[in-house]
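1. quick check, what structure comes out for this input:
(one chain, ligands or ions: 1)
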Amino acid sequence: MKSGVRRQVLDLMCRQMMAGSSGGRAPFGVEELKLLREALLSQNLCCIDGQMVSQFERRYAFDYGVPYAVASTSGTAAIHIALGALDLNPGDEVITAPITDMGTIIPIISQGLIPVFADVDQTLNMDPASVAARITPRTKAILAVHLFGNPCDMDAMVAVARRHGIPLIEDCAQAHFTEYKGRFVGTIGDIGCYSFQQSKHMTTGDGGMTITSNPAYHERMKLFADKGYARKGWGDRAYLFHAPNYRMTELVGAVGLAQLGKVRGVIEKRRQLAGQLTGLLSKISGVQPAAVTAGAKPSYWQYAFDVPGVPAEKVAAEMARQKVWAMAGYTGKPIYLCSESLTGKKTYGTSQWPFNTNPGVTYEYTEGLCPIAEARLKHLVTVPIDESSSPSYIQRVADVVGKTMEALAKGTTVAVAARPAPAPAAAPRAAAAGKVRVAIVGCGQMGRWHLDSYKTDPRAEVVAFVDTARDRAEAFARETGGRAYTSHLDMLANEKLDAVSLCSVPSTHRNITVDLLRAGAHVLCEKPLAVTVAEAEEMSRMAKAQNRLLVTAFKFRFNDEVRKAKELIDSGSLGRILNFRLMFGGYIDMRGQWYGQKALAGGGIIMDNGPHAADLIRYLFGSEIKSVTAQVSHIQSLEVEDTAKLDVCLTNETFGTADVSWSVRIPPKSYLEIYGEDGAATLDGEGISYRFKTYSEWKREPNTVDVKGAFARQIQYFVGATLGDNPLGLGNGEGLASQRVIEAAYGSVQKGRRVDVDAGTLVAV
Ligand SMILES: Cc1ncc(COP(=O)(O)O)c(C=O)c1O
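-> Got it, this is the predicted structure:
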């Protein structure tokens, strides 16, 4: 084949091979494939005798207008190489940024140096004035970080460095081809470092580059990346100093070379998109668009904006609800609070080295080191925008930010349109209209929660209310313009309903549910689903026969702390779950209330709170409860138990305790403790705390919505499910499974021993 034709065939093959790569950002294509092929065909993938990495280094240096570049395995390695080139002594201090990736700090500590953090200016970059203030006789380098692709005030930074005769390294991991007064960052100080990690403007998956104009630094950089190995002219083996092996492979070099050809276009696109976003965000009250340093052309690694006075988590969570991904606070806290290598001085064994190398000087990495950075991060939101984003997406981001800020200012949330419903499993009558006609049976305390939540969902129209006390039903009806009834049968005779919330006393659940299902309504039944397993089974069979949903109101599933715990457990972060302790407690005087009457409630605290406990346990630990040992006490002298302890064992061998009580005067701070082989978590009404065995700090994730908000999520989910959108597949299985646990618990109390839970057969819709 002639070479021209061969090239065309190869081109076509490459294009076909790269076709069908995933949507969204697609940094790699034919160019990378061709160079990779070339690298492979050379039959040598080590850079020492290869062509790719050396070409990549030469081209990189050329594009930045400097004489030298040394490739390496990561941005972290690139910074380590820069520090290695300075040849400092252990205990020397390096002033750096409080807002950065850990990859900035690791090389400092690895090299036996001590990071000293300067506070930030209005651009969130290190403030040169703060740098100057933190210089001591021990300061031997400044490591400036150009955050989010926006440069530091380099005139002032260089002035500080020169005034003190201190070398200036630039961490440009996020700032490829960022310009400061017409010069590329990385070429203004003494050494520049870049990362090619996947998220960066140009990427090799992982990789790094260190550049300089200083031949002496270059000499040491080359050696430092290659074990200190003096390969030429020093005899067989000569290692000139202690150094790692950070050599880039030829495969990575090939991809890097191809990426270098594209990166300027990538940055141009990001600048256009960021310009659009800045224009749109600057019109939104309460938002400060991404900072731009005077004289700079940023390259926008991520787009970061400020929401002064508003918690960034709230903004990010509300944006996420509207399906625009945003992150609160970048690293959340300044980097010196993120790593136990600093907070706990966990470095080399128990030595705490190098933090103890300067006699009489102590280093503590605690809150308060950089107060401006700490405060700013609380109100910083980042949105990933990249070259694959479209102007219409940017418009959407801005719209969502606008709506979010407006809603948060009013203390509300933005109504989110339902996902288009797939073909419903159970065809509801109102599906075509997209409106769900709802009734509430039982207008007491729980009915109120349901009504308030339905009001948050524009798809729901609450049209009827039932209560044996007419005035209560009428009071609810007046709020919505619906009709009041004293009997559910009267209501069914008069109303066409799609869904009903059943909030009456448990002893009535079976009869009313059967009537509702027979009339074709979907049912959301307050717990317990029924008072016996036999009843629950009958209700489930009816739901199946009628092809209607019968969902038990297990509200905990919709709490943020529960969702996060489920995520931690499912991802294996806590390891195998060994045991847990659940406590639903608090004092409620049940004398004279229906809860204390067996005929109405079906039982005591086990019937009341046991279903929530059983459902939460089954849901979180992903396994059925296999046996229960229950004990009860009667502190309030009711005919039913008011305090109980349920020891449960799951089929996956996890076991734990559920304590439930109406008589506990001081409820626990956290209601659930989970202990796994690799970590632990505690859940409370305001959030979740968790710790991994490899990390001594407890992490805290506060909830983004309160209990009312979480309850509303449950109702919104039910409304969506009646329209056929039931991604969690909730149905009658949950209520029935909990009922079996409750019945086993009462059996255990009666028999005074452990009782196996009848697995039964779940009747799924
Ligand atoms: C500012 C900064 N410095 C250093 C690094 C470390 O780079 P790498 O992850 O390639 O080791 C990163 C990576 O995200 C970074 O953002």
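2. how about the residues of the chain that lie near the ligand?
-> Contact residues, the chain versus the ligand (Cβ under 6 Å from any ligand atom): 74-76, 100-101, 103-104, 145, 171, 173-174, 195, 197, 206, 208. (C-beta placed from N, C-alpha, C; glycine too.)
3. from those, which is closest to residue 662?
-> Each of the residues of the chain next to the ligand was scored against residue 662 by Cβ to Cβ, and residue 101 proved nearest at 50.6 Å.
4. so the closest residue to the closest one other than its chain neighbours: helix, strand or coil?
-> Sequence neighbours aside, residue 173 is the residue nearest to residue 101 in space, at 6.7 Å (criterion: Cβ to Cβ, 6 or more residues apart in numbering). Secondary structure, DSSP: H, G, I helix; E, B strand; the rest coil: residue 173 is coil.
5. residue 173 and residue 206: what is the separation?
-> 12 Å (Cβ to Cβ, to the nearest Å).
6. please apply the same query to residue 178.
-> Taken as Cβ to Cβ, the span from residue 178 to residue 206 is 21 Å.
7. quick one, which of these two is more surrounded?
-> residue 178 (26 against 18; other Cβ atoms under 10 Å).
8. for residue 649, the count of nearby residues, please.
-> The number of residues packed near residue 649 is 19, by other Cβ under 10 Å.
9. revised request: answer the last question for residue 715.
-> Residue 715: 26 neighbours (other Cβ under 10 Å).
10. quick one: contacts for it?
-> Residue 715 makes contact with 450, 453-454, 456-457, 460, 501, 524, according to Cβ atoms under 8 Å, 6 or more residues apart in numbering.
11. identify the farthest-apart pair in these.
-> Across the contacts of residue 715 (Cβ to Cβ), the longest gap, 14.8 Å, separates 456 and 524.
12. out of those two, which sits in the more crowded spot?
-> Each of residue 456 and residue 524 has its neighbours counted (other Cβ under 10 Å); residue 524 has more, 26 against 18.
13. ok, residue 385 touching residue 394?
-> Yes. Using Cβ atoms under 8 Å, residue 385 is in contact with residue 394, at 6.9 Å.
14. need the residues touching each of those two.
-> Counting by Cβ under 8 Å, 6+ apart, the contacts common to residue 385 and residue 394 are 273, 277.
15. more neighbours: which of these two?
-> residue 394 (23 against 20).
16. convert the C-alpha atoms of the strand or helix carrying the more buried one to CSV, please.
-> Assigned by DSSP states H and E, residue 394 belongs to helix 391-410. Presented in CSV, the C-alpha positions along helix 391-410 are these (Å, rounded to 0.1, in the frame of the first residue of the first chain):
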residue,chain,number,x,y,z
PRO,A,391,-23.8,28.2,26.0
SER,A,392,-27.3,26.9,26.7
TYR,A,393,-26.0,24.8,29.6
ILE,A,394,-24.3,28.0,31.0
GLN,A,395,-27.6,29.8,30.7
ARG,A,396,-29.2,27.0,32.6
VAL,A,397,-26.5,27.1,35.3
ALA,A,398,-27.1,30.9,35.7
ASP,A,399,-30.9,30.4,35.8
VAL,A,400,-30.6,27.8,38.5
VAL,A,401,-28.2,30.0,40.5
GLY,A,402,-30.7,32.9,40.2
LYS,A,403,-33.7,30.8,41.2
THR,A,404,-31.7,29.3,44.1
MET,A,405,-30.6,32.6,45.5
GLU,A,406,-34.2,33.9,45.2
ALA,A,407,-35.6,30.9,47.0
LEU,A,408,-33.0,30.9,49.7
ALA,A,409,-33.6,34.6,50.3
LYS,A,410,-37.3,33.8,50.9
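17. show me how far it is from its chain's centre.
-> 20 Å (Cα atoms, centre = their mean, to the nearest Å).
18. can you name every helix or strand that it contacts?
-> Judged by 3 or more Cβ pairs under 8 Å, 6 or more residues apart in numbering; DSSP states H and E, the packing partners of helix 391-410 are helix 263-281, helix 312-321.
19. neighbouring contacts of it?
-> 273, 276-277, 280-281, 284-287, 305, 307, 310, 314-315, 318-319, 322, 324, 383, 385, 413-414.
20. now, which of the contacts of residue 715 sits nearest residue 579?
-> Closest approach to residue 579 among those (Cβ to Cβ): residue 524, at 32.2 Å.
21. leaving out the residues flanking it, which one is nearest to the residue of the stretch 301-450 of the chain found nearest the ligand?
-> Residue nearest to the ligand within the stretch 301-450 of the chain (Cβ to the nearest ligand atom): residue 301, separated by 7.4 Å. Nearest in space to residue 301, with sequence neighbours left out and distances taken as Cβ to Cβ, 6+ apart, is residue 174 at 3.8 Å.
22. number of nearby residues for the one you found?
-> Applying other Cβ under 10 Å, I find that residue 174 has 26 neighbouring residues.
23. mind checking the SS state of residue 640?
-> From three-state DSSP, the assignment for residue 640 is coil.
24. from the ligand, how far off is it?
-> 59 Å (Cβ to the nearest ligand atom, to the nearest Å).
25. give me the phi and psi for the closest residue in space to that residue that isn't next to it in sequence.
-> Spatial nearest neighbour of residue 640, excluding adjacent residues (Cβ to Cβ, 6+ apart): residue 604 at 2.9 Å. Dihedral pair for residue 604: phi -100, psi -130, per degrees, to the nearest 10.
26. what is the burial count for residue 604?
-> Look at residue 604: counted by other Cβ under 10 Å, it has 27 neighbours.
27. so where's the stretch 301-450 of the chain uncertain?
-> 416-433 (pLDDT under 70).
28. do you have the strands of the stretch 151-300 of the chain handy? List them.
-> 168-171, 179-180, 183-184, 191-195, 208-212, 296-297 (DSSP state E, counting those that start in this stretch).
29. direction included, what does the last one pair against?
-> Sheet pairing here is set by DSSP bridges, and for strand 296-297 it gives strand 179-180 (antiparallel).
30. what does the third one give?
-> For strand 183-184, the paired strands and their directions (DSSP bridges) read strand 179-180 (antiparallel).
31. which residues touch the strand it pairs with?
-> 151, 154, 185, 188, 293, 295-297.
32. so which of the contacts of residue 715 sit within strands?
-> Judged by DSSP state E, these include 460, 501, 524 as members of strands.
33. can I get those in JSON lines including distance to residue 709 and pLDDT?
-> Shown next, in JSON lines, are the ones in strands among the contacts of residue 715 (distance: Cβ to Cβ, whole Å; pLDDT from 0 to 100):
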{"residue": "460", "distance to residue 709": "16", "pLDDT": "96"}
{"residue": "501", "distance to residue 709": "18", "pLDDT": "98"}
{"residue": "524", "distance to residue 709": "18", "pLDDT": "98"}
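34. which residues touch the nearest residue to residue 739 once chain neighbours are set aside?
-> Excluding its sequence neighbours, the residue lying closest to residue 739 (Cβ to Cβ, 6+ apart) is residue 536, at 4.1 Å. By Cβ under 8 Å, 6+ apart, residue 536 lies in contact with 510, 529-530, 735-736, 739.
35. what pairs with residue 649 across the strands?
-> residue 627, residue 655.
36. contacting residues around stretch 656-663?
-> 579-588, 590, 595, 605-606, 608-610, 613-614, 617, 635-636, 642-648.
37. how about stretch 683-696: buried residues?
-> 683, 686-692 (16 or more other Cβ atoms under 10 Å).
38. could you do stretch 89-103 as well?
-> Neighbour-count burial for stretch 89-103 [16+ other Cβ under 10 Å]: 91-101, 103.
39. so what's the closest residue in space to residue 454 that isn't next to it in sequence bridging to?
-> What sits nearest to residue 454 in space, not counting adjacent residues and going by Cβ to Cβ, 6+ apart, is residue 460, at 4.5 Å. Applying DSSP bridges to residue 460 yields these beta-bridge partners: residue 436.
40. against residue 551, how distant is residue 460?
-> 14 Å.
41. looking at those two, which one has more neighbours?
-> residue 551 (27 against 23).
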